[in-house]
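>>> Here is my input, please return the structure:
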Amino acid sequence: FSAGLLTTSRQAAVDAAAVPPPPPADDEAPAPLERSGRRRLVVTVLVVLLALAAGGVLAWFVGRTVSHTVPVLAGIEQGEALNMVSEFDWDVTVVEEFSDDVLLDVVIRTDPAAGTSIAEGGAFTVVISKGPAPRVLPDITGATVDEANATLVALGLALQADQQVFDETVPAGTILSWSVPSQPGLVAGDTVLPGTLVSAVVSGGPEPRVVPALAGLSVADATAQLAALDLVLVQVPDEFSPTVPAGGIARQDPAAGTGLAPGASVTVAVSKGPDVVTVPPLGGLTPDQAAQALAAAGFTVGVVSGDPAGVNTGSSVNGVPLAGGEVFPRGTAVDLVFGVPAG
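Model prediction:
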């Protein structure tokens, strides 16, 4: 029995030795609740990190600088131009200025210019045309037509100088007065738009003097009449006149009724009376001799009758027999009769 008990004890000891002993107690091993808390901490840290990353992205997105390129707006109507940049979120300022080249309400230029990059919120200026600038009317009274035209053209205005009146003191071609037909009440210093027409009254100088008829007047009387008209008499050598007695004005140049400027000259020739010649003796002359004598005296040979081989037996003018010594106008035709004297 003792031996069996001993054997049983030994077997128990062997079995006990074959079973590993329980692990020693570990004070640092986490309890189940501690492990769960750690997991929550890790999750929390990850969430925070993700939140910070998302916030950074959001902050970058929100705080980033967004820029846009200025488009070409010059020549575009104001409303359309502003619409083209409305989405860029710029601080847009509209400025107006006069322009002779760009139509009203159309963009002249931008600041900055086209092609420039501007961040959102940046300043952007659009310059809009107010149309042509008004012109100040100058006073062209007293200027010549050429001077007035040059002055107005330089301002973009037009001159119409087709009205002329005579003036005794203002030189011809000088502006006497002017007005604006479209706005008659305007005066120098008022403003008008480019292209406005200015109408001017121009001096034609002193009114032309009408030359009077001087034929038959004495030189003294003719001189007085011309002087009253501010004209000057110029006398040339005397001339024969078949109609004006000697001493009277026989001819004038220019003719009566002609218009002359003051101070102009009128040429006159005084009459010496008719140009008359005396019939020379013709009796007994042959036809050739008679013709030569008449020509030398200032006559012409008229109708010749009778015997051309004879001598002059008679002469007449317009059927009136001549005895010799009669006076006729130069060039008068003398009719001749020839015959053989009775032996």
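>>> any low-confidence regions in the stretch 51-200 of the chain?
51-64 (pLDDT under 70).
>>> could you pull out the helices for it?
If you assign secondary structure with DSSP state H, counting those that start in this stretch, the helices in the stretch 51-200 of the chain sit at 78-85, 145-154.
>>> for these, which one sits closest to Pro71?
Shortest distance between Pro71 and the helices of the stretch 51-200 of the chain, using Cβ to Cβ, is found for helix 78-85: 5.7 Å. Every residue, glycine included, has its C-beta placed from N, CA and C.
>>> how close does Gly302 get to Gly331?
Gly302 is 11 Å from Gly331, where distance means Cβ to Cβ, to the nearest Å.
>>> Chain neighbours aside, what residue packs nearest to Leu186?
Computed as Cβ to Cβ, 6 or more residues apart in numbering, the closest residue to Leu186 that is not its neighbour in sequence is Val180, at 4.7 Å.
>>> and the one you found, what is it in contact with?
Val180 makes contact with Leu137, Leu186, Val192, Thr196, Leu197, Val198, Ser199 under the criterion Cβ atoms under 8 Å, 6 or more residues apart in numbering.
>>> now with 10 Å?
With contacts defined as Cβ atoms under 10 Å, 6 or more residues apart in numbering, Val180 is in contact with Leu137, Leu157, Leu186, Val187, Asp190, Val192, Thr196, Leu197, Val198, Ser199.
>>> Which pair in those residues has the greatest spatial separation?
Distances among the contacts of Val180 were taken as Cβ to Cβ; the most separated pair is Val187 and Leu197, at 16.0 Å.
>>> Who has more neighbours out of those two?
For the pair Val187 and Leu197, the greater number of neighbours falls to Leu197 (14 against 10), based on other Cβ atoms under 10 Å.
>>> Roughly how far does the closest residue to the more buried one other than its chain neighbours sit from Pro134?
In space, Leu197 comes closest to Ala158 once its chain neighbours are excluded; the distance is 4.9 Å by Cβ to Cβ, 6+ apart. When Cβ to Cβ is applied, the distance between Ala158 and Pro134 equals 16 Å.
>>> Let me know whether Ala133 touches Asp101 as I believe.
No - with contacts defined as Cβ atoms under 10 Å, Ala133 does not count as touching Asp101, sitting 11.3 Å away.
>>> Looking at these two, which is more packed in?
When neighbours are counted by other Cβ under 10 Å, Ala133 comes out ahead of the other of Ala133 and Asp101, with 14 against 8.
>>> so what's that one up against?
Residues counted as contacts of Ala133 (Cβ under 10 Å, 6+ apart) are Glu97, Phe98, Ser99, Asp100, Gly156, Thr191, Leu193, Pro194.
>>> ok, the fourth one - how many residues close by?
Residues near Asp100, counting by other Cβ under 10 Å, number 10.
>>> I figured it was touching Gly156, is that so?
Yes - counting by Cβ under 10 Å, a contact exists between Asp100 and Gly156, whose distance comes to 6.9 Å.
>>> Tell me where the stretch 101-250 of the chain has strands.
107-111, 117-119, 123-129, 135-136, 158-165, 175-179, 191-192, 197-203, 209-210, 232-239, 249-253 (DSSP state E, counting those that start in this stretch).
>>> Just checking: what are the partner strands of the second one?
On the basis of DSSP bridges, the sheet neighbours of strand 117-119 come out as strand 67-69 (antiparallel).
>>> any idea how far Ala161 lies from Gly189?
In this structure, Ala161 and Gly189 are 21 Å apart, going by Cβ to Cβ.
>>> which one of the two has more residues nearby?
A direct count of neighbours by other Cβ under 10 Å for Ala161 and Gly189 places Ala161 higher, at 19 against 9.
>>> Name the nearest residue to the residue minimising distance to the centre of the chain, ignoring sequence neighbours.
Against the mean C-alpha coordinate of the chain, by Cα atoms, centre = their mean, the closest residue is Val153 at 5.0 Å. Counting by Cβ to Cβ, 6+ apart, Val153 lies nearest to Leu159, which is 7.7 Å off, once chain neighbours are set aside.
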